[in-house]
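Asks: sequence and predicted structure are below.
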Amino acid sequence: MNLSKSFLAGATLSFFGLLLLAEVFLRLAVPAGSWYKHFDASGDMTSLVELRDRLRYSPRRWTDDSSLLLLGDSVLGASALMEHRVSGARDNTLSKFLKDRLQSVSETALSLGSDGLLLPDILGLNLEFMPHPPRRIILFLNFRMFAKEFAEGPKALSRNFLLSDLPEDIQKRLAPDVPLSKEAQLSDRLYAEMGDHWFLFRETQMLKTLWYYPSQKDFFQRALEQVLGRNETQVEIAEAALKQKVASYYQAYLWDKRGLPLKCLQKILDQWAERRVQASIFLVPQNPKFLGSYLDKPSFEKNRKTLAAFLKPYSKKGIFYSDWADRFSPTYFLDHCHLTPAGNEQFAKDVIKAMEPWK
């Protein structure tokens with residue numbers, strides 16, 4: 001095939017024309033709400049500007065008397081269900097069951113739960129940047145949020161784009177020991193600029209994360225399994241690797257009130273109390289059977305008591321806490337903290353019931 005100059009010019013013009021059409025389409029579709037009606041972005045958080053889009057343009061707009069925000073980590077989303085090859089994963093999440101039940105009683109629920117979310121991230125999602133602050137919030141706390149490795153330093157923040165929205169004292173504790181190189185700084189600035197001004201870029205970044213969910217490697221692994229089937233040895237290896245990964249969250253370590261997790265949680269709750277936002281906080285169920293010898297029971301119980309004592313004074317300010325760490329039997333779990341579809345459905349029912357006296 002002879003690639004003439006006119007052919008290359010036409011192909012280039014067509015490519016940029018398609019990009020322009022896509023940008024125009026998204027500038028119309030996103031503000032109209034149809035974009036988020038067809039794409040469930042739960043479990044995903046790629047940029048602050050995309051989060052603002054989600055808050056402004058979700059299909060059911062918030063109102064002063066029916067707005068509710070869901071916050072938490074991967075327990076809300078579909079990642080664990082997809083990793084365990086549960087069919088219809090996105091229709092069986094805790095987030096989906098909660099939103100369906102809340103909407104049945106005329107409450108508009110929006111989930112900002114995301115994989116790996118930590119308490120400094122949640123502090124960065126402050127109410128001030130929300131066009132309509134929610135009337136109520138449900139916060140799901142997981143044991144990993146308070147782990148020693150997240151108590152100080154840059155690992156305590158999972159989304160770096162939220163760093164500038166944090167209080168200065170928290171920013172200093174999160175700052176990396178080694179500053180970013182000039183190349184990395186330039187890359188971050190370019191990414192932020194493109195996200196701020198280009199609908200197509202920020203929405204496709206979100207779609208990319210959803211497509212390769214929970215990771216690009218897992219996406220190709222699932223595709224391969226559809227042809228070759230799933231190898232039981234691989235399943236056993238994956239479970240062993242997960243146990244090694246989460247072991248540090250449950251080993252001997254007492255949560256320190258001076259550590260970043262509890263310090264950020266205090267700032268979060270003070271902000272909610274000042275805004276008079278009602279909140280329900282749940283320590284999510286854990287599966288001791290999966291962890292076996294990795295679980296240090298004295299620390300586990302002591303930390304639960306510490307958290308309960310820490311949160312008790314806030315009940316006078318409309319912020320209520322429930323410790324459900326041992327609520328479900330091992331049959332309801334996929335792994336250490338993620339529930340089966342039946343577990344998610346029951347958890348959602350229990351949460352709605354528990355919230356009824358607080359309305």
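Replies: Right, received. Where do you want to start? Numbers count the residues shown, from 1 in each chain.
Asks: in three-state terms, label D53 for me.
Replies: helix (DSSP: H, G, I helix; E, B strand; the rest coil).
Asks: and it, how far from R202?
Replies: 7 Å (C-beta to C-beta, to the nearest Å). For every residue, glycine as well, the C-beta is placed using N, CA and C.
Asks: cool, S74 as well?
Replies: Counting by C-beta to C-beta, the gap from S74 to R202 is 22 Å.
Asks: what are the ranges of the helices in the stretch 1-150 of the chain?
Replies: 5-32, 34-38, 48-57, 79-83, 94-103, 119-124 (DSSP state H, counting those that start in this stretch).
Asks: mind checking which of these is nearest L141?
Replies: Go through the helices of the stretch 1-150 of the chain one by one with C-beta to C-beta and the one that ends up closest to L141 is helix 119-124, at 8.2 Å.
Asks: show me what the closest one is in contact with.
Replies: With C-beta atoms under 8 Å, 6 or more residues apart in numbering as the test, helix 119-124 has contacts from 45, 71, 114, 139, 145-146, 156-159, 162-163, 165-167, 170, 174, 260-262, 264-265, 267-268.
Asks: same thing but 7 Å
Replies: Defining contact as C-beta atoms under 7 Å, 6 or more residues apart in numbering, one finds that helix 119-124 is touched by 71, 145, 156-159, 162, 165-166, 170, 174, 260-261, 264-265, 267-268.
Asks: can you pull up the most central residue in this protein?
Replies: S114 (1.1 Å; C-alpha atoms, centre = their mean).
Asks: could you measure it against K353, distance?
Replies: For S114, the distance to K353 - C-beta to C-beta - is 26 Å.
Asks: swap in G259?
Replies: Counting by C-beta to C-beta - G259 and K353 are separated by 33 Å.
Asks: okay, the two: which has more neighbours?
Replies: Of the pair G259 and K353, G259 is the one with more neighbours under other C-beta atoms under 10 Å, namely 19 against 10.
Asks: related to what we said a few turns ago, would you turn the helices of the stretch 1-150 of the chain into JSON lines with mean neighbour count and mean pLDDT?
Replies: JSON lines is the format used below for the helices of the stretch 1-150 of the chain (neighbours: other C-beta atoms under 10 Å; pLDDT from 0 to 100):
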{"stretch": "helix 5-32", "mean neighbour count": "12", "mean pLDDT": "89"}
{"stretch": "helix 34-38", "mean neighbour count": "15", "mean pLDDT": "83"}
{"stretch": "helix 48-57", "mean neighbour count": "19", "mean pLDDT": "85"}
{"stretch": "helix 79-83", "mean neighbour count": "23", "mean pLDDT": "90"}
{"stretch": "helix 94-103", "mean neighbour count": "21", "mean pLDDT": "89"}
{"stretch": "helix 119-124", "mean neighbour count": "25", "mean pLDDT": "95"}
